[in-house]
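Q: Fold the following, please.
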Amino acid sequence: MSAATAFFTLFFFFMVNQVIPVKISDDIHNYLQGIWQRTGYSNVKLQRIEKRMRTDPNQR
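A: This next block holds a predicted model:
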């Protein structure tokens with residue numbers, strides 16, 4: 001039951017957000033963009049290490 005409620009809440013928020021987009025400040029946007037870039041760099045680095053050590057779970 002709670003899964004259905006959570007899904008409905010997320011779906012409702014998504015639909016409202018499409019109609020009335022949330023405005024965020026440039027500081028928050030820049031902060032989140034920095035996190036996104038660092039996460040991407042970390043994922044690429046991890047993939048390179050896994051490939052070199054032959055521990056990539058996608059290659060099994």
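
Q: So which residue is dead centre in the protein?
A: Centroid-nearest residue in the chain: residue 36, 7.8 Å away (criterion: CA atoms, centre = their mean).

Q: May I ask which helix or strand encompasses it?
A: If you go by DSSP states H and E, residue 36 is part of helix 26-53.

Q: For that helix, what does the pLDDT average out to?
A: Averaged across helix 26-53, pLDDT comes to 88.

Q: same check, this time on stretch 6-23
A: 82.

Q: From the chain's centroid, how far away is it?
A: Taking CA atoms, centre = their mean, to the nearest Å, one finds stretch 6-23 lying 17 Å from the centre of the chain it belongs to.

Q: buried sites along that stretch?
A: For stretch 6-23, a neighbour-count test (16 or more other CB atoms under 10 Å) marks nothing as buried. Yep, even glycine has a C-beta here, placed from its N, CA and C like the rest.

Q: Next: stretch 36-50.
A: Buried-residue list, stretch 36-50, by 16+ other CB under 10 Å: empty.

Q: what's in contact with that stretch?
A: Outside stretch 36-50, the residues that touch it by CB atoms under 8 Å, 6 or more residues apart in numbering are 56, 57.

Q: switch the cut-off to 7 Å
A: Stretch 36-50 is contacted by residues residue 56 when judged by CB atoms under 7 Å, 6 or more residues apart in numbering.

Q: chain center to that stretch, what's the gap?
A: 14 Å.

Q: With just CA atoms, put it into CSV.
A: Extracted as CSV, the C-alpha positions of stretch 36-50 are listed here (Å, rounded to 0.1, in the frame of the first residue of the first chain):
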residue,chain,number,x,y,z
TRP,A,36,26.8,16.0,-11.2
GLN,A,37,30.2,16.6,-12.9
ARG,A,38,32.2,15.1,-10.1
THR,A,39,29.9,12.1,-10.0
GLY,A,40,30.4,11.6,-13.7
TYR,A,41,34.2,11.9,-13.3
SER,A,42,34.2,9.4,-10.5
ASN,A,43,32.1,6.9,-12.4
VAL,A,44,34.4,7.1,-15.4
LYS,A,45,37.4,6.6,-13.2
LEU,A,46,35.8,3.6,-11.5
GLN,A,47,35.0,2.1,-14.9
ARG,A,48,38.6,2.5,-16.0
ILE,A,49,39.9,0.9,-12.8
GLU,A,50,37.5,-2.0,-13.1
